[in-house]
Structures are given as C-alpha cells and as structure tokens.
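In: here are the coordinates; sequence isn't available:
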Ligand code: HEM
C-alpha cells in the first residue's frame, strides 16, 4: 500500500522500489502560482485559511473606480463607535451607581437599571421546618380525611360565636375560625407541616389573619373540609 502511494506520488513503477520498513512523509508544497496545473494532490497545508475573500476583489476595477453602486467597506470603528468603558474600579457589586457617578455619556450605557441591582431583603423571621411523625405526611392526612373517620366531632353544623369558640382551645379539643368557617383542628394538629405549637396559636379564636400572614397560598378550605363544625358569627346581643 505504502509503495503504491509512493509510486503514485513520484511517478515511479510500483515494483521498482521496494517499500522501506518505516514509511517517510513527503511534505509537498502548494503550487507556486495559479498557472500551475492542479495535480489533484490532497495533501493538507499547514494552516487552514477559512477567511472569506473580499468582494469585489480588493484590486478589482470596480473598487478602483469607486463607482457609487459598489458600497464602500467600512472598518469596525467607522461602523459603530465602541461603548464607553465602565469605571469598574469604583463599582461595588450589587450596588447601583449613583446618577452623579455616571458621566453624561454613560447614561445610555449597558448598565442594568438600578431596580435590578437591589439586594433582595431576607425574610425577617425564619420559617421553622418541623419533622412530622411517621404516618403524618400530607398524603396521610388526605387518606384520613377520605377514610370516613369522624374528625369533625359534631353531628351538625351550627352558628358559632367567639364565646363558644373560646371553649375549644386545648390540644384535645381545638377549634379555630378561618375566613368565617369554624374548623375542629384537633385531628389535624400532628399533620400540620408548621408544627402543633404554631397551629395551637389560633386555637379557640379567629385565626384568619395569622393564617393569611403565614401562608396565604394554603387552601384551608380544602385542607380542613372534613373538619368543618359551623360558621363564625358575631356574639348575639341579649
Ligand atoms: C389552621 C389552619 C392551618 C392549616 C390548614 C395549615 C396548613 C399548612 C400547610 C399545608 C403547610 C405547608 C405549606 C407549604 O409547604 O407551603 C403549612 C406550613 C406552615 N404553617 Fe400552617 N396551617 C394552618 C395554620 C397555621 C398557623 C396558625 C400557623 C402559625 C402561626 C402556621 C404556621 C405554619 C408554618 C410556620 C409553616 C411552614 C412549615 C414549613 O415550611 O415546613 N400554620 N401549614
């Protein structure tokens, strides 16, 4: 194979020169001028030149006559001036630069708007993560609700004023009012992801405000539908 290639490159007959044990590489130069015939040699040149030739050619007649139909090729700097260099040295990451620190030329620079450079405030109070006892996951609560077990503790719904609600504020008998509905939350206590202690803060009273402040996105209506005992009403006048 090697001898065949060598003979093909040099034009010598295949049989005439026996192949040496170690093949040698011949570096073949590209043709010196365009006049030279292309011999179909696929030898790779040392540098691949992928640059696109200028059109019209740089030495073309069109370009020389600078005819108006041929656009003049502008240099990069003639096309668009470079943006002003931001003064990075005086910048503090995350802090918006004051208007006065911006030079007039910088007012339309690539600087982000000041509103996006504000460091987000951390929530003032950390939400406590509570480890729920085994068998008390949200799924377990859903299963208990749909099991038919009586977690309501009453036979019928009634109108419940604050004085009645107040009587149900122990861990074994806890009611709360949320958005006008009164729920028996006793069974839910060990299932509450925020912990029993937090949930007990609304026992025996209207918990609407605290509930909304803590997690307005939680659907209490759905979570406690099987715990509904009545509707929160104002104290009847005697
Ligand atoms: C009475 C009705 C309540 C229901 C049905 C309820 C339900 C829930 C639910 C479903 C979650 C999980 C929310 C989530 O992961 O995004 C949760 C979390 C929490 N709840 Fe409640 N909640 C109630 C009342 C309260 C009250 C009165 C407090 C305390 C003031 C409270 C404090 C918390 C806290 C701190 C968490 C966060 C737990 C965590 O991030 O893991 N909840 N609650």
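Out: Received, thanks. Keep in mind that this is a model prediction, so the values were computed, not measured.

In: For the chain, what lies in contact range of the ligand?
Out: 127-129, 176, 178, 185, 192-194, 198-199, 201-202, 207, 210-211, 214-215, 218, 220, 223-224 (C-beta under 6 Å from any ligand atom). In this view, the C-beta of every residue, glycine as well, is placed from N, C-alpha and C.

In: Give me the buried subset of those.
Out: Buried by 16 or more other C-beta atoms under 10 Å: 176, 178, 185, 192-193, 199, 202, 207, 211, 220, 223-224, out of the residues of the chain next to the ligand.

In: With secondary structure, distance to residue 161 and pLDDT as new columns, can the residues you listed be given to me in a markdown table?
Out: Shown next, in a markdown table, are these (DSSP: H, G, I helix; E, B strand; the rest coil; distance: C-beta to C-beta, whole Å; pLDDT from 0 to 100):
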| residue | secondary structure | distance to residue 161 | pLDDT |
| --- | --- | --- | --- |
| 176 | strand | 14 | 98 |
| 178 | strand | 16 | 98 |
| 185 | coil | 18 | 98 |
| 192 | coil | 25 | 97 |
| 193 | coil | 30 | 95 |
| 199 | helix | 22 | 97 |
| 202 | coil | 17 | 97 |
| 207 | coil | 16 | 97 |
| 211 | helix | 20 | 97 |
| 220 | helix | 20 | 96 |
| 223 | helix | 24 | 97 |
| 224 | coil | 20 | 97 |
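
In: quick one: which of these is nearest to residue 141?
Out: Lowest distance from residue 141 to these (C-beta to C-beta) belongs to residue 223, with 7.6 Å.

In: Nearest to the ligand within the protein, name that residue for me.
Out: residue 194 (2.3 Å; C-beta to the nearest ligand atom).
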